[in-house]
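Colleague: Dropping the sequence and predicted coords here.
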Amino acid sequence: MSLAFPSAWAPPVAAARVAIGLILAHAATGKLRDPAVFRGVVHAYRLLPDRLADALAAVLPPVEAGLAALLIAGVLAPFPGLVAAPLLVVFAGAIGINVARGRTEIDCGCFRGAAPQRIGWGLVGRNLGLAALALLAAVPVRGDLAAFAQGVGAGVSLFLVFLTINTLPRARRRARA
């Protein structure tokens, strides 16, 4: 008896794996480019003692990159999705704690780019939504190559939509300035 879901699930699961994988790869790349700045962002959350914050800042980008590679390659399922989902929930919790404290001026540290991204309840919701997508990525499926190819195309499209939505608020702020 197989634990895998039928092939009809293959495209959405493959799309979730690729989308979450690309999002994690994008996040890891930005953090790895400037580790000193990312370390400062982790410290700005004021949730961990300095030593643990330094360790987290050093370990998180390679973990994100590794999960991204496993998700995109579709190997070791359901492990990468089952690790990515709680990780995203922890991110949501860290953001939520600081928003509840009134500390919305800090950079989320999600994607290191030209402009900081201030935290707010919207980012908490975004990360919880991504955690749900990561759980879908953990579903074991059977399917043929065509079904997985369809899912890969949809996953790349989801990632591009994510990037667009994620960039719009910052572009509007720059246009007003």
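Modeller: Nice, I can see it. Numbering: from 1, shown residues only.
Colleague: make it CA atoms for all contacts and neighbour counts henceforth
Modeller: Fine.
Colleague: burial of residue 31, as a residue count?
Modeller: 25 (other C-alpha atoms under 10 Å).
Colleague: I'd say it and residue 61 touch.
Modeller: Yes. With contact defined as C-alpha atoms under 8 Å, residue 31 and residue 61 form a contacting pair (6.1 Å).
Colleague: Can you name the helix or strand that residue 148 falls in?
Modeller: helix 145-176 (DSSP states H and E).
Colleague: Packing partners of that helix?
Modeller: When contacts are defined as 3 or more C-alpha pairs under 8 Å, 6 or more residues apart in numbering; DSSP states H and E, helix 145-176 sits against helix 10-33.
Colleague: Just the buried residues of the helix holding residue 148, please?
Modeller: By neighbour count on 16 or more other C-alpha atoms under 10 Å, the buried set for helix 145-176 is 147, 148, 151, 152, 154, 155, 156, 158, 159, 170.
Colleague: Quick check, pLDDT for the closest residue to the fourth one other than its chain neighbours.
Modeller: Which is residue 152. Nearest non-adjacent residue to residue 152, counting by C-alpha to C-alpha, 6 or more residues apart in numbering: residue 15, 5.3 Å away. In the predicted model, residue 15 carries a pLDDT score of 95.
Colleague: dump the residue contacts of residue 165.
Modeller: Listed by C-alpha atoms under 8 Å, 6 or more residues apart in numbering, the contact set of residue 165 is empty.
Colleague: sorry, back to before: quick check: mean pLDDT across the helix holding residue 148?
Modeller: Mean pLDDT, computed over helix 145-176, is 82.
Colleague: Quick one: work out the angle between it and helix 10-33.
Modeller: Here helix 145-176 points in a direction 50 degrees away from that of helix 10-33 (axes from the mean of the first three to the mean of the last three C-alpha atoms, to 10 degrees).
Colleague: where in the protein is pLDDT low?
Modeller: For the chain, applying pLDDT under 70 flags the ranges 1-6, 112-115, 169-177.
Colleague: Repeat the analysis, applying 50 as the threshold.
Modeller: 1 (pLDDT under 50).
Colleague: ok, the residue nearest to residue 152 touching residue 149?
Modeller: No. Residue 15 is beyond contact range of residue 149, at 9.1 Å (criterion: C-alpha under 8 Å).
Colleague: who touches the closest residue to residue 157 other than its chain neighbours in this structure?
Modeller: Nearest non-adjacent residue to residue 157, counting by C-alpha to C-alpha, 6+ apart: residue 19, 8.0 Å away. With contact taken as C-alpha under 8 Å, 6+ apart, residue 19 is in contact with 155, 156, 157, 158, 159.
Colleague: now swap in residue 87 and tell me
Modeller: residue 131.
Colleague: Fine by me, thanks again.
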